[in-house]
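Engineer: 3D model of this:
(one chain, ligands or ions: 1)
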Amino acid sequence: MSKPRITVVGSFAVGLTIRAPNIPVFGVTMLGSSFDMGPGGKGSNQAVATARLGADSSLVAIIGKDQFADIGIDLYKAEGVDTAHVKQITEKPTAVGFIILNERGENFIIMDYGATNAMDPAFVDRAESRIRESDLVMAVLEPPVEVAMRAMELGRKYGKKTILNPAPAAPLPDEIFPLVDFLTPNESELRILLGLRPDDPRPSRELVDLLRKRGAANVIVTLGDRGVLIVTDKVDTTIPAAVVDVVDTTGAGDAFNSGFAVALAEGRDVIEAARFGVCCGALVCTKLGVIPGMARRAAADEMYRTMRASAAE
Ligand SMILES: Nc1ncnc2c1ncn2[C@@H]1O[C@H](COP(=O)(O)OP(=O)(O)OP(=O)(O)O)[C@@H](O)[C@H]1O
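Structural biologist: Residues are numbered from 1 along each chain as shown. Okay, the predicted model is just below:
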């Protein structure tokens with residue numbers, strides 16, 4: 001089988017993480033430990049993860065021309081991600097996230113999207129020929145919403161499969177929904193998309209109906225360690241999460257979306273594609289860090305075979 005071609009319209013950011021006994025208060029200098037710096041950004045994570053799963057994967061993003069940008073470029077070279085549509089600009093810095101983790105594992109994050117904010121629909125248009133040659137287009141909401149909108153429009157124009165991972169959640173214009181084959185929020189993103197509080201107590205299944213009334217045809221809600229909820233005209237089901245020894249759940253959403261996208265681009269149906277995504281979501285939880293945890297194809301295939309066999313019993 002030839003490699004599925006996937007185009008991810010998203011972002012790259014460097015995460016700067018430091019552990020501290022507490023979240024600092026104004027005016028106090030605190031001693032931290034275990035400083036760590038590494039590549040992130042949802043679009044970037046998904047481009048790497050889909051490439052690792054065997055896709056011909058291309059990232060559409062804008063980064064700075066600085067040392068942080070080099071971290072991304074080196075990563076794409078090592079992982080075989082196509083960078084023909086990764087543009088470097090000098091006017092804005094590469095996106096960064098400052099993350100403070102306290103002893104309870106709670107975090108405090110400040111992001112500067114930097115060069116990612118320079119993305120606009122015209123920039124996505126420059127990737128039109130790549131989208132025309134792709135099997136599937138996936139977008140996230142770190143770049144401005146109009147960017148995701150154009151990615152979905154171009155995907156639709158050429159009859160490609162389209163996935164919108166609405167993360168981080170932002171208000172969406174209703175016109176985007178008919179362009180999206182699969183909308184893949186997590187539970188809090190689902191609520192924010194509906195203008196609700198992230199902790200609204202209503203069951204997610206009930207809220208999916210509200211989103212579908214707004215025009216979202218096929219919705220897959222990731223439910224953390226409870227798996228995924230799939231609602232389409234023909235399917236209304238939950239696939240349980242795979243049981244693994246969890247080390248770090250960061251990046252589970254990116255891993256799920258990547259596995260789902262690759263399987264869908266290969267022609268699997270929504271349930272089997274989601275099952276493959278669930279395996280990738282579980283595998284990333286077994287390692288510390290997002291990029292180190294993104295599954296290789298053989299490991300994802302092995303877990304998928306086991307899950308499929310037990311689902312058939
Ligand atoms: N503890 C876990 N054990 C097994 N699988 C998990 C676990 N947490 C997440 N997953 C898998 O990964 C998928 C995505 O996870 P989740 O719903 O937490 O996404 P998310 O909130 O977007 O994650 P993040 O923001 O950390 O990337 C889930 O649907 C599930 O299949």
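
Engineer: distance of residue 305 from the ligand?
Structural biologist: Taking C-beta to the nearest ligand atom, to the nearest Å as the measure, residue 305 falls 17 Å from the ligand. Where you see a C-beta, it was placed from the backbone N, CA and C, and this is true even at glycine.

Engineer: which SS class is that residue?
Structural biologist: Counting by DSSP: H, G, I helix; E, B strand; the rest coil, the backbone at residue 305 sits in helix.

Engineer: contacts only, for it.
Structural biologist: For residue 305, no contacting residues are found, by C-beta atoms under 8 Å, 6 or more residues apart in numbering.

Engineer: what of residue 100?
Structural biologist: Counting by C-beta under 8 Å, 6+ apart, residue 100 touches 17, 18, 19, 20, 23, 24, 32, 107, 108, 109.

Engineer: how about a cut-off of 10 Å?
Structural biologist: Contact analysis of residue 100 by C-beta atoms under 10 Å, 6 or more residues apart in numbering lists 16-20, 22-24, 30, 32, 106-110.

Engineer: for residue 279, same thing?
Structural biologist: 241-242, 244, 255-256, 259, 263, 295, 299-308.

Engineer: cool, residue 237 as well?
Structural biologist: Contacts of residue 237 by C-beta under 10 Å, 6+ apart are 228, 229, 230, 231, 270, 271, 274.

Engineer: and the ligand, which of those residues reach it?
Structural biologist: Restricting the contacts of residue 237 to those near the ligand by C-beta under 6 Å from any ligand atom leaves residue 228.

Engineer: out of the contacts of residue 237, which one sits closest to the ligand?
Structural biologist: Of all the contacts of residue 237, residue 228 has the smallest distance to the ligand: 4.4 Å, by C-beta to the nearest ligand atom.

Engineer: tell me, how many residues neighbour that closest one?
Structural biologist: 24 (other C-beta atoms under 10 Å).

Engineer: next one: phi and psi at the residue in the stretch 1-150 of the chain that the ligand sits nearest to?
Structural biologist: Nearest to the ligand, among the residues of the stretch 1-150 of the chain, is residue 42, at 7.9 Å (C-beta to the nearest ligand atom). When read as degrees, to the nearest 10, the backbone of residue 42 gives phi -60, psi -50.

Engineer: circling back: from the contacts of residue 100, which land in strands?
Structural biologist: 16, 17, 18, 19, 107, 108, 109, 110 (DSSP state E).

Engineer: now do the end-to-end distance for stretch 211-226.
Structural biologist: 21 Å (C-alpha to C-alpha, to the nearest Å).

Engineer: an error on my part: the question was meant for stretch 229-249.
Structural biologist: 18 Å.

Engineer: average pLDDT across the helix or strand harbouring residue 149?
Structural biologist: Element membership for residue 149 (DSSP states H and E) is helix 145-157. The average pLDDT within helix 145-157 is 98.

Engineer: so which bits of it are buried?
Structural biologist: Across helix 145-157, burial judged by 16 or more other C-beta atoms under 10 Å covers 147, 148, 149, 150, 151, 152, 153, 154, 155, 156.
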